[in-house]
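S.K.: whatever this is, show me its structure:
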Amino acid sequence: MHELIDNLVTYGYIILFFYSLGGGFFALAAAGVLSSMGKMDLTVSVAVAFVSNFIGDMALLLFTRFNKHTMMEYLKKHRRKLAYSHILMKKYGALVIFLQKYIYGVKTLVPIAIGLTRYDTAKFAVLNLLASALWAVVVGGASYLGGKTVLSLLESARQNPWIMPLIGILIVSALAFVISRAVRK
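M.R.: All right, here's what the predicted structure looks like:
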C-alpha cells in the first residue's frame with residue numbers, strides 16, 4: 001500500500017493530467033484524499049485537473065467539429081446516448097455543459113454532440129472554462145474534506161476484506177440504476 005502511495009505521489013500530477021483529459025473524477029478524488037494526507041498539494045491538483053479537463057473537452061469538440069464523418073462511424077454504438085445528449089442540450093441549454101462534468105457516460109458525449117451541431121465554439125469555450133473550474137474545485141475540495149473519512153473506511157476495509165466488494169457492488173448497482181432511469185426518460 002505504501003509503495004502504491006509513493007508511486008502516486010511521484011507521478012500523481014502526471015497521472016491526474018492525463019486521466020482528467022477524459023473525465024478525471026476518480027483521479028481528482030484520489031488527489032484530494034492524498035492532499036488531505038499531506039502527500040500532494042490540493043491547489044496544484046485542482047489546477048492540473050481544471051486545465052486538463054478544459055483541454056480534453058475542447059479537443060473533443062474541435063476534433064468532432066472538423067471530422068464529423070469520421071466520428072459518426074465511431075458513434076454508431078452510442079447513438080442513444082448521443083441523442084440523449086442532444087435532448088439535454090435542447091431542454092436545459094448551457095446548464096448541460098456544467099452538469100455533464102458530473103454524469104458518468106455523458107461527460108465525453110456532450111462535447112461530441114455539441115461538435116456535431118452549430119453551437120458557438122467560443123460560447124462553449126467560456127462555459128467549459130467555468131464548468132471545468134467549478135468541477136475541479138467541488139470535486140477536489142469535497143475529496144480533500146472527506147479524505148480522513150475515506151482513509152478510515154479503507155482501514156476498516158483492510159480489517160474486514162469482504163466490505164470493499166460489497167461497497168463496489170452497491171456503487172455499480174446504484175450507478176446502473178440511475179443511468180438506466182435517465183436513459184429511459
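S.K.: which residues does stretch 53-64 contact?
M.R.: The contact list for stretch 53-64, computed with C-beta atoms under 8 Å, 6 or more residues apart in numbering, reads 20-24, 71, 101, 108, 111-112, 114-116, 121, 124-125, 128-129, 132, 135-136. No exception for glycine: its C-beta is placed from N, CA and C like everyone else's.
S.K.: buried subset of these, written for PyMOL?
M.R.: In PyMOL syntax, the buried subset of these is picked out as below (16 or more other C-beta atoms under 10 Å):
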select buried, resi 20+21+23+24+71+101+108+111+112+114+115+116+124+128+132+135+136
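S.K.: show me the domain layout of the protein.
M.R.: Domain ranges of the chain: 2-145, 146-185, per automatic domain parsing.
S.K.: and the spatially most central residue of the chain, backbone torsions?
M.R.: Closest to where the C-alpha atoms of the chain average out (C-alpha atoms, centre = their mean) is Gly23, at 3.2 Å. Gly23 adopts backbone torsions of phi 160, psi -80, taken as degrees, to the nearest 10.
S.K.: re the thing from before, in helices, which of the contacts of stretch 53-64 appear?
M.R.: If you go by DSSP state H, those have 20, 71, 111-112, 114-116, 121, 124-125, 128-129, 132, 135-136 in helices.
S.K.: what does stretch 95-104 rub up against?
M.R.: Contacts of stretch 95-104 (C-beta under 8 Å, 6+ apart): 23, 25, 53, 85, 88-89, 92, 106-107, 110, 114, 124, 127-128, 130-132, 134-135, 175, 179, 182.
S.K.: same thing but 6 Å
M.R.: For stretch 95-104, the external contacting residues (C-beta atoms under 6 Å, 6 or more residues apart in numbering) are Leu88, Met89, Val106, Lys107, Val110, Leu127, Ala131, Trp135.
S.K.: now do the same contact list for the fourth one.
M.R.: Taking C-beta under 6 Å, 6+ apart as the contact definition, Lys107 lies against Gly23, Gln100.
S.K.: next, it: phi, psi?
M.R.: When read as degrees, to the nearest 10, the backbone of Lys107 gives phi -50, psi -50.
S.K.: with the first one instead?
M.R.: Main-chain dihedrals, Leu88, degrees, to the nearest 10: phi -60, psi -40.
S.K.: for it, give its distance to Asn128.
M.R.: 15 Å (C-beta to C-beta, to the nearest Å).
S.K.: with the fifth one instead?
M.R.: Applying C-beta to C-beta, one obtains 10 Å for the distance of Val110 from Asn128.
S.K.: do a quick rundown of the helices in the chain.
M.R.: Along the chain, counting by DSSP H, helices occupy 2-20, 25-36, 42-66, 68-74, 79-92, 95-99, 109-116, 121-145, 147-159, 163-184.
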